[in-house]
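1. got a predicted model here, sequence first, then my questions.
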Amino acid sequence: MKTGLVFKRGWTLDDVQWSKFDASKVTPTFLAAAKAASLVEYNAPDYVDYLKRVLRGAQPEVFELLDQWQVEEVQHGAALGRWAEMADPTFNFEDAVARFRTAYKPQHFASGDATSIRGSRRGEVITRCVVECGTSSYYSAIRDLCEEPVLQEIAGRIAADEFRHYRLFLETLANETEAELPVWKKLWIAFTRINEADDDELAYAYYCANVSRADEAKIPYDRAKFARLYNRTATSFYRRPHIKKLVQMVAKACGARAQSWLTRAGTAVLWSALRRRAGNAAGV
């Protein structure tokens, strides 16, 4: 398992070494993953609108953070989308984004409600920390396992950004004026968010990214099927060190010690669950 450079903040698409693209090293699994991830990342503006409603009244720096987070997430999607179009000339990133955004409209995005679906502002920020833990570990896994040089670079850049985002949301959590939550409650919020890997966002992103508009009629969307396909793809990249780092980051966000029996047990349980999920998804 190889590791890449840790890239600095503030990169642009022009910084990516596109000329190093090697079509011979593109694999179907990494291509499917990059296509799906490009749509989820590019859809950040809807999530930012929701977070700004939930965190109303926060310090101005929080909203500056959210604006910068949105810019960087959209850039992640654009970079992955551009790579996917190079790897598969039949893939139309803009069309896939349009299909995804038209149909994927969770109620809490569209309602205009300022109440967090996590029950509190703290719960919402903890959830955001968990997501950033997940994306940082996911792109680290892609960086470490893929052989195509440009995707490896993009994944490395995104993984570094996502880790910085995690730290920024940790700071937001530390400055939150809302009453503190007990550790067990934080862990429960984290667990429920991790367990949402089967939700419509990832499944439908995988569908729109990997089933063309022309094929929609003969391959209709089936949430359970495409959730399994997504899971089979995503879980194949992880190695135990990625899971250990993920659990340690989540533990820190929940106020638990990163090095403890709890994180060791959590690593073992999550690693086992991912292996089991990968095995179940292989039967698709």
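-> Happy to help now that I have it.

2. all helices for the stretch 101-250 of the chain, in order.
-> Applying DSSP state H, counting those that start in this stretch to the stretch 101-250 of the chain gives helices spanning 107-110, 121-145, 149-174, 183-194, 200-210, 223-235, 240-253.

3. could you tell me the least trusted of those helices?
-> Here the helices of the stretch 101-250 of the chain differ in mean pLDDT, and the lowest is helix 107-110 at a mean of 70.

4. mind naming the longest helix for the chain?
-> helix 60-87 (DSSP state H).

5. that one: which residues count as buried?
-> Of the residues in helix 60-87, 62, 65-66, 69-70, 72-87 count as buried by neighbour count, 16 or more other CB atoms under 10 Å. C-beta here means a position set from N, CA and C on the backbone, and glycine is covered the same way.

6. check stretch 130-149 too.
-> Using 16+ other CB under 10 Å as the test for burial, stretch 130-149 gives 130-146, 148.

7. likewise for stretch 163-178?
-> For stretch 163-178, by 16+ other CB under 10 Å, it's 163, 164, 165, 166, 168, 169, 170, 172, 173, 176.

8. mind listing what the third one touches?
-> With CB atoms under 8 Å, 6 or more residues apart in numbering as the criterion, the residues that contact residue 165 are 69, 72, 132, 136.

9. wait, what's in contact with the spatially closest residue to residue 86 that is not a sequence neighbour?
-> Excluding the flanking residues, the one nearest residue 86 by CB to CB, 6 or more residues apart in numbering is residue 21, at 5.5 Å. Taking CB under 8 Å, 6+ apart as the criterion, residue 21 is in contact with 83, 86, 87, 148, 149, 150.

10. cutoff 10 Å now
-> 83, 86, 87, 148, 149, 150, 151 (CB atoms under 10 Å, 6 or more residues apart in numbering).

11. now do the fourth one, the pLDDT please.
-> Which is residue 148. Reported pLDDT at residue 148 in the predicted model: 98.

12. what about it, distance to residue 23?
-> Note on residue 148: its distance to residue 23, by CB to CB, to the nearest Å, is 8 Å.

13. any residues in contact with both of these two?
-> By CB under 10 Å, 6+ apart, the residues touching both residue 148 and residue 23 are 86, 87.

14. picking up where we left off before, the contacts of residue 165 into a markdown table, with extra columns for distance to residue 224?
-> As requested, these are exported to a markdown table (distance: CB to CB, whole Å):
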| residue | distance to residue 224 |
| --- | --- |
| 69 | 31 |
| 72 | 32 |
| 132 | 27 |
| 136 | 28 |
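
15. nearest to residue 94, of these?
-> Nearest to residue 94, judged by CB to CB, of those is residue 72 at 19.8 Å.

16. so that closest one touches residue 11, yeah?
-> Yes - if you go by CB atoms under 10 Å, residue 72 and residue 11 touch, sitting 9.2 Å apart.

17. hey, what's the angle from the helix or strand hosting residue 32 to helix 149-174? Just curious.
-> Assigned by DSSP states H and E, residue 32 belongs to helix 28-42. Inter-element angle recorded for helix 28-42 and helix 149-174: 40 degrees (by axes from the mean of the first three to the mean of the last three CA atoms, to 10 degrees).

18. and helix 28-42, what does it pack onto?
-> helix 60-87, helix 93-103, helix 121-145, helix 149-174, helix 200-210, helix 223-235 (3 or more CB pairs under 10 Å, 6 or more residues apart in numbering; DSSP states H and E).

19. what's near enough to touch residue 82?
-> So residue 82 contacts 13, 16, 18, 38, 93, 150, 154 (CB under 10 Å, 6+ apart).

20. do you know how far it is from residue 244?
-> Counting by CB to CB - residue 82 and residue 244 are separated by 32 Å.

21. ok, residue 106 next?
-> The separation that residue 106 has from residue 244, given CB to CB, amounts to 31 Å.

22. between these two, which is the more surrounded one?
-> A direct count of neighbours by other CB atoms under 10 Å for residue 106 and residue 244 places residue 244 higher, at 19 against 14.

23. the more buried one contacts residue 250, correct?
-> No - here residue 244 lies out of contact with residue 250, judged by CB under 10 Å, at a distance of 11.0 Å.

24. how many residues are close by the nearest residue in space to residue 117 that is not next to it in sequence?
-> Distance criterion CB to CB, 6+ apart; nearest residue to residue 117, sequence neighbours excluded, is residue 108 at 4.9 Å. The burial count assigned to residue 108 is 17, neighbours taken as other CB under 10 Å.
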